[in-house]
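Q: got a structure for you, letters missing:
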């Protein structure tokens, strides 16, 4: 089936589709790609388009310039009515939930500042590749606001309650090594290697059976939050159909399987 066309223009982000890969670039580099109302609304629209695009298999989320995303644009706060925060947070949460539930594998390519809503966006991506100069944090407490994109609940699930309290209650920034050590990052690289690392990971993902990938992602996303017996039940009806996307023969061929495994080994530098 032909993919849904991406046609409407965006003013605050770039949306680029290349075959099965779609890249979203947050494009407000002068303000560290901070999320104002317009960018937040466009991000919501963009991920909805990707959700409805059956040909998309990988979504890459990045920031323009040398920054991923500094979170909310705090300069807007003085213009908000008392009701605005509630409705904005509802929209934020809808956006990150769509990203987390997307069929395509999602990769966050993080450079520079990754704080507040920016960090929260990475929590709903399947993979995170970050540069060694990236800086992370949840500074909302110093702006007298609470996180609204999952920076308390999701962060505690990734890094544990102790670290989530430290980062949210103190608001201090931390480096990429700390982010990796506490399960927020899959791989750290130099800024010069970021695009190459993301491209290599994308190649590995695209070599996998798309049906298997989609169903395994579903189990991982939903099985971790329920009782083990219910999680195991997810696997029963899914396993027999795992090879149907490109045919069982293609995915059981020894040479094809070896080629796919080599891509994975090369990416993770596994002997």
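A: All right, it came through fine. For clarity, every value in this text was computed on a predicted model and none was experimentally measured. Numbers count the residues shown, from 1 in each chain.
Q: how is the protein divided into domains?
A: What the record gives for the chain is the domain set 13-205, 207-268, from automatic domain parsing.
Q: okay if I get those domains as CSV plus mean pLDDT?
A: Putting the domains of the chain into CSV (pLDDT from 0 to 100) gives the following:
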stretch, mean pLDDT
domain 13-205, 95
domain 207-268, 69
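Q: just these: most buried one?
A: Among those, domain 13-205 has the highest mean neighbour count (mean count of other C-beta atoms under 10 Å), at a mean of 19. Using the backbone N, CA and C atoms, a C-beta is placed for each residue, glycine as well.
Q: can you give me the end-to-end span of that domain?
A: 25 Å (C-alpha to C-alpha, to the nearest Å).
Q: centre of the chain versus it, how much separation?
A: How far domain 13-205 lies from its chain's middle: 7 Å, per C-alpha atoms, centre = their mean, to the nearest Å.
Q: 264 is where my numbering starts, stick with that
A: All set: I'll call the first residue 264, so the last point we hit is now domain 276-468.
Q: which helix or strand contains residue 277?
A: strand 276-281 (DSSP states H and E).
Q: so which elements touch whichever helix or strand comes after that strand?
A: Per DSSP H and E, the first helix or strand lying C-terminal to strand 276-281 is strand 284-289. Under the contact definition 3 or more C-beta pairs under 8 Å, 6 or more residues apart in numbering; DSSP states H and E, strand 284-289 sits against strand 276-281, helix 300-314, strand 321-326.
Q: JSON lines for those, including distance to residue 364?
A: Formatted as JSON lines, those follow (distance: least, C-beta to C-beta, whole Å):
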{"stretch": "strand 276-281", "distance to residue 364": "19"}
{"stretch": "helix 300-314", "distance to residue 364": "8"}
{"stretch": "strand 321-326", "distance to residue 364": "12"}
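Q: quick one, which of those is nearest to residue 418?
A: strand 321-326 (17.6 Å; C-beta to C-beta).
Q: who's in contact with the closest one?
A: The contact list for strand 321-326 (C-beta atoms under 8 Å, 6 or more residues apart in numbering) reads 283-289, 292, 295-296, 310, 313, 331-332, 362, 365, 367-375, 381, 384, 388, 461, 465, 468-469.
Q: in its sheet, which strands sit next to that strand, and in what direction?
A: Here strand 321-326 is paired, per DSSP bridges, with strand 284-289 (parallel), strand 368-373 (parallel).
Q: the strand holding residue 277 to strand 321-326, inter-axis angle?
A: Calculated by axes from the mean of the first three to the mean of the last three C-alpha atoms, to 10 degrees, strand 276-281 forms an angle of 150 degrees with strand 321-326.
Q: list the neighbouring strands of strand 276-281 plus their orientation.
A: Strand pairing for strand 276-281, determined by DSSP bridges: strand 284-289 (antiparallel).
Q: what residues does the strand it pairs with touch?
A: 269, 275-280, 296, 298, 302, 306, 309-310, 313, 316, 319-327, 331-332, 367, 465, 469.
Q: can you show me the helices along the stretch 364-513 of the chain?
A: 380-386, 416-422, 424-433, 439-444, 457-469, 473-486, 491-501, 511-515 (DSSP state H, counting those that start in this stretch).
Q: for the fourth one, name the packing helices and strands.
A: With contacts defined as 3+ C-beta pairs under 8 Å, 6+ apart, helix 439-444 has these neighbours: strand 390-394, strand 398-400, strand 450-452.
Q: what strands line up against the longest one, and which way round?
A: It refers to strand 390-394. For strand 390-394, pairing defined by DSSP bridges yields strand 368-373 (parallel), strand 450-452 (parallel).
Q: which of the helices and strands packed on helix 439-444 sits closest to residue 484?
A: Comparing the helices and strands packed on helix 439-444 under C-beta to C-beta, the one sitting nearest is strand 390-394, at 13.5 Å.
Q: and the angle for that closest one with helix 457-469?
A: Using the same axes, to 10 degrees: strand 390-394 against helix 457-469 is 160 degrees.
Q: which residues does strand 390-394 contact?
A: With contact meaning C-beta under 8 Å, 6+ apart, strand 390-394 is reached by 368-375, 377, 385, 439, 442-443, 447-454, 457, 460-461, 464.
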